[in-house]
Structures are given as structure tokens and as C-alpha cells.
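Student: Test case, fold it:
(chains A and B)
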Amino acid sequence: MTSVAEHAADVRARGLTPVWACSAVGFLLLSLVVGVLAGPVDLGVGAVLESAAAHLHVPGFSTSLSPTEEAILWQIRVPRVILAALVGAMLALAGATYQGVFRNPLADPYLLGVAAGAGLGATIAIAYLPDGLRGQRMLPVAAFVGGSVAVVLTYAVGRSARRERDAATLILAGVTVTAFFTAWQTFVQQQNSETLQEVYSWILGNIPSTGWTDVVLILPYIAVAMVVIVALRRVVDVLNLGDDEAASLGIDVRRVRLALVVAATLGTAAAVAVTGLIGFVGIIVPHTIRLLTGVGYRALIPLSVVVGAGFLVLADVVARTALAPAEIPLGVVTAFFGAPFFALVLRTTRGGAA
Amino acid sequence: MDRVDAVVAKGEWLALIGPNGAGKTTLLRAVARLVPFAGEITLGGRPVTELRRAELARLIAVVPQEPSTPPWMTVAEYVLLGRTPHLGPLAKEGARDREAAARALLRLDLLPFADRRLGTLSGGEKQRVVVARALAQEAPIVLLDEPTAALDIGHQQQALDLLDGLREESGLTLVAAMHDLTLAAQYADRMLLLDGGRVAADGAPADVLTETLIASHYGAAIDVVPVGDRIAVVPRRASR
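Tutor: Modelled structure (predicted):
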């Protein structure tokens, strides 16, 4: 018996190793610092740190920034960086979750039509809901409804097209659903030309500089989604064996899959409602982590949250600074890097399951 | 499937045989509640439909015909997935689970493989890993769907000897769908011959594997010959 106990110490699943966890957190911290410092007004590292210490009520510190600089730092830069981090974390997490649940390495909230569906929902809310009723709070709900309809449609179309497992079929279904929902959305926009400009910039994807309002708006949805998915991360590994095997291992497949898809869609919809369509984050981040570490979902899911946050903060820095003072839409930046990456993943997939 | 009526005793090795499409796999899947069925399937007197998924999985382990073996997963991680029914949906494996997995790996001589990726294993090694996962599940009943289909004759014997050893040691009940009648006859205590979704014969291998029964249900001409203290089925070419 002792020998079994001894061996048992070696029989472990590779969870989050300290090295990878620290690397991911280090990457995120570095991204946050770069995100806060980058911009047209040079605030200086020292002054920013002093101001942060003063805001945290560390005794002996007072800010050396002017009131305008203070406002730039705390009302524009920091909330924008936090918003980018939240959205990036959510999109990467949703990508990893859809990949695990649908056993499809190509799954991504943008490619599955979730983003387009959420966009349609948000547009309809902006265009048709009376001002009093709509408020900002209805946006994530409307986006969630649209996103849910889209993911169900995509899954149904993908299943009806082909019985056997083929990663590309689901994505083709997603493209179909995206095209349909985008067309519908454009139609709604044209009918309501006063919101045209607003919706156009939304389609291209942007982190808005709206201070803390949007952060507060989407935080609860994204927090719930993260808690649910991170809590169920081991089960995603079991689902990866397929429905029958997961069921014979005691998993209530339908219920668990529903919980995961609802959580991922809810979080994505909230993110999309404020940032618009930002694609490929859910492809780039989880696949880069896989390539580097080779880990299963139980480690991939928390790593995706942290690395995704850092990734989108950096992508937003590129969007803000590459053509300064003009801004490139963030969705354009992520697609520019994401599309070639997607081609690479497609090449190595050969139509098989994840 | 229609009107299948059978009882399996604890510690028994039951082979399900029958021509292609006879319903062997479907019957196994019904017992594991993976397909809906009419009628009643009971385990120790309790209908399987009344058990929760996790309870059922603590009683029945399944070795599928074509298990999915994600290439990035390590042997240890894969075998630990067998502990799923013993964990809550939010829990992770504890010391007891790792011990159960280590016992299963030790029993199948797989401990040195614990950190290998599944993608680097041969077909025979993978088969052993899948059995190890079922063993780590610590269920008293193991359902196997063509456990030897992918193996050469040497590995077939090894796998079946191993299963028989496990049955003797731990009192496992084995129900296996098998295509190879001779192998089935060498190992099983009892056979259930299925054809067209019905039970065509049920009994000891010598009673089920007869020239007449095999001719009428498989459309095959065979001779039954004694091999050791058991029997073998030999195909006979029709004389011209």
C-alpha cells in the first residue's frame, strides 16, 4: 500500500504550474503599465506611481500631477485600460470555453456569430427602445438575447449540415449566421440614420473612453461568467472526451454544457455591447497558450483570462498609438494579427476535433 | 432492440455476440443509459433510470470501442478523469483519487507512462490506458465494446488475460461485446447471442456456439473444435 501512496504523489494532472501562472500575471501587469503610460500626454512613470499611492491612501504620498493630468489618468486612461482588460479576458475565456464545449479548435465568439447576434440585439435596443426604458442597462440584456439566438442557430445549422465531426462546418455555419445578422443590423441602422455613425464605429470595434460607466455596466455579467466557467474548468476536460464518454463518467452533459455556453455567451454579449465587434481574441490567446504550455482546459481556462486581459490592453495601445493622433479601430488590429493566426490553426487542425 | 431479457450475476464474464447490426453496442449503451429505452434495467434491484448520472457511473464503467484520446492529455490526467463520478462538479482530485489512479496505473504496468502524452502512445498502449481509466473509476461492473478490435493477437490475449485477472482479484462483473467468437469462447463464462435486436441464444459457450445456431444467425459455415478445456470456432470453406 505504501508504494501506491508513494506513486500517487506522481500521478497528477498538470494544473496551473507556478511558472506559467507567474508568467501570465507578469505579462498582465506589464501590459497594464504600458496601457496606462501610453498616450498623447506623457505623464511619467514616477508621477503615475505617486498618484496611485496617493489614491490608495498610502501615507506620505501626494500626487505631483496637475488636476488635468489627474483627470486624464483616472477618468480616461485607467478606466479604458481596465475595460480593455475585462473585455480581453472575457473574449479569450469565451473562445477557450466554446472550443472545449463544442470540441472545436476553431471556435471563437466572433466566428460563431455570437458577436454579430449580440450586435444586432444591441442595435435594435438602441434604435427601437424608447429612451426612458432603454437606458444603458438594457444594452447587455438585448445583446445577450441576440448572442444566444446566434449561438443556437449556428449550432443547429452546423449540425444539420453534416452529421460527423468536422471543425470547419461549425465555422461555416457561424459565417452564415454572422452574414445574416450583420445584414439585418445594417438594415436597422439605415432605418435609423441618426444612430448610423455611432453604430458604424461600433461594428469596427473600439474600447470607448467613457470613464468608469462602461466598466461598472459590464463588470457584473463578466464576473458571473468567469466564476461559472473557472469553477467548471475540470469538467471541460471531461466534455472533451465527447458526450457519451462524459456521460458514462457521471457528467450531466446537457446541463453542464448549457451552463458553460450560457456563461460564455452572457459574458461575450456584455463585452460586445460596449466595445463592438472585436474578433479573434478567442483564437489567438488560447492557442498561443496551448502552443507554449500544452496544458488541458483546467489550466488553459484561468490562463486565458489573465493573458487575454493583457493581450487586449496591448492591442488597444497599438490601436491608440500606431497612427496617433488618429485611432485605428481595435477590431481592425485584432483581425490584422488574428486572421493569419487563424489560418495557421486551420492548417494544423485537419478537420479533427480539439 | 426488442424484448431482450437477461440477468448477469455478480463476478460473471458475459460476452455479447451476434452478427453486425445485431444490437450489441446498443444493448451496452442502454445499460449505461446512453440511449433511451423502454422496459427496465436494474442494478442490484435498482432501476438505472432512478440513479443520478454520477451514481450510475460509480456502478458502471464503460470502455468504448473508439475512445477519444486527446493527444495533448497525459496518461495521468486521462486516468484521473476516471475519478469524475467520485467528485462534485466543482471539486478537484484529492489524495484518495490520486491513489486510485496510481493503483490502476500500477496494475496495468503504466506507471512509467504517467507523464507521457496520449498522442505518443501505440494502439495497444492506448487500449491499456483506457482500461486503466475504467479501473480508476472503481465501478463493480465494466462494460466493454469490442475491447480487442484494434489489437493484434498477442495484445488481444494480454488484454483479455488482464481483464480476467482483474475480475478474479476484484470481483468485477464484465460484459463485453465481442466479434471474435473464439476469443469470446476462451474467456467468457456465458454468451448472449443477439440477432436483429433479439436474444437468439443464451448459455455457456458450448451451448451457444453450435454449427446450427451460427449458420442460422451469421450465415456462416463453421466447425467447433476443442482447444484446451474450452472451444474454438473455425470457419469452413464450402466444398465446390
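
Student: so B:D207 sits right up against B:L193, yeah?
Tutor: No: between B:D207 and B:L193 there is no contact under CB atoms under 8 Å: 9.9 Å. Just so you know, the C-beta spots here come from the backbone N, C-alpha and C atoms, and that holds for glycine as well.

Student: Need the overlap of contacts for those two.
Tutor: Listed contacts common to B:D207 and B:L193 are B:A201; contacts here mean CB atoms under 8 Å, 6 or more residues apart in numbering or on different chains.

Student: pLDDT below threshold where in the chain?
Tutor: The chain I'm using is chain A. Regions of chain A meeting the criterion pLDDT under 70 cover residues A:1-3, A:130-137, A:162-167, A:195-203, A:349-354.

Student: Hmm, no, I was thinking of chain B.
Tutor: Under the criterion of pLDDT under 70, the regions of chain B flagged as low confidence span B:1, B:240.

Student: try 80
Tutor: B:1-3, B:88-91, B:150, B:238-240 (pLDDT under 80).

Student: Could you measure from the residue at minimal distance from the centre of it over to B:I41?
Tutor: The geometric centre of chain B, computed from its C-alpha atoms, lies nearest to B:L144 (CA atoms, centre = their mean), at 1.6 Å. When CB to CB, to the nearest Å is applied, the distance between B:L144 and B:I41 equals 17 Å.

Student: How about A:V318?
Tutor: For A:V318, the distance to B:I41 equals 60 Å [CB to CB].

Student: Over to B:A136?
Tutor: 24 Å.

Student: and if you look at A:V175?
Tutor: A:V175 sits 44 Å away from B:I41, going by CB to CB.

Student: residue ranges of the helices in the stretch 201-350 of chain A, please?
Tutor: For the stretch 201-350 of chain A, the helices defined by DSSP state H, counting those that start in this stretch occupy A:213-231, A:233-239, A:243-248, A:253-275, A:281-293, A:297-321, A:330-349.

Student: Minimum distance to chain B: which of those has it?
Tutor: When these are ranked by distance to chain B, counting by CB to the nearest CB, first place goes to helix A:243-248 at 4.0 Å.

Student: check whether that closest one contacts chain B.
Tutor: Yes: legend: contact between helix A:243-248 and chain B by CB under 8 Å from any CB of the partner chain is shown at A:D244, A:E245, A:A247, A:S248.

Student: List the residues that contact the last one.
Tutor: Under the criterion of CB under 8 Å, 6+ apart, the contact partners of A:S248 comprise B:A32, B:L34, B:A57, B:I60, B:A61, B:V62, B:P64.

Student: So it versus A:V175, what's the distance?
Tutor: 34 Å.

Student: just A:G242 next, same as before
Tutor: Using CB to CB, one obtains 25 Å as the distance from A:G242 to A:V175.

Student: With B:S68 instead?
Tutor: Summarising the geometry, the distance separating B:S68 from A:V175, computed by CB to CB, is 27 Å.

Student: List just the one of the helices of the stretch 201-350 of chain A that sits closest to A:T154.
Tutor: When the helices of the stretch 201-350 of chain A are ranked by distance to A:T154, counting by CB to CB, first place goes to helix A:253-275 at 11.0 Å.
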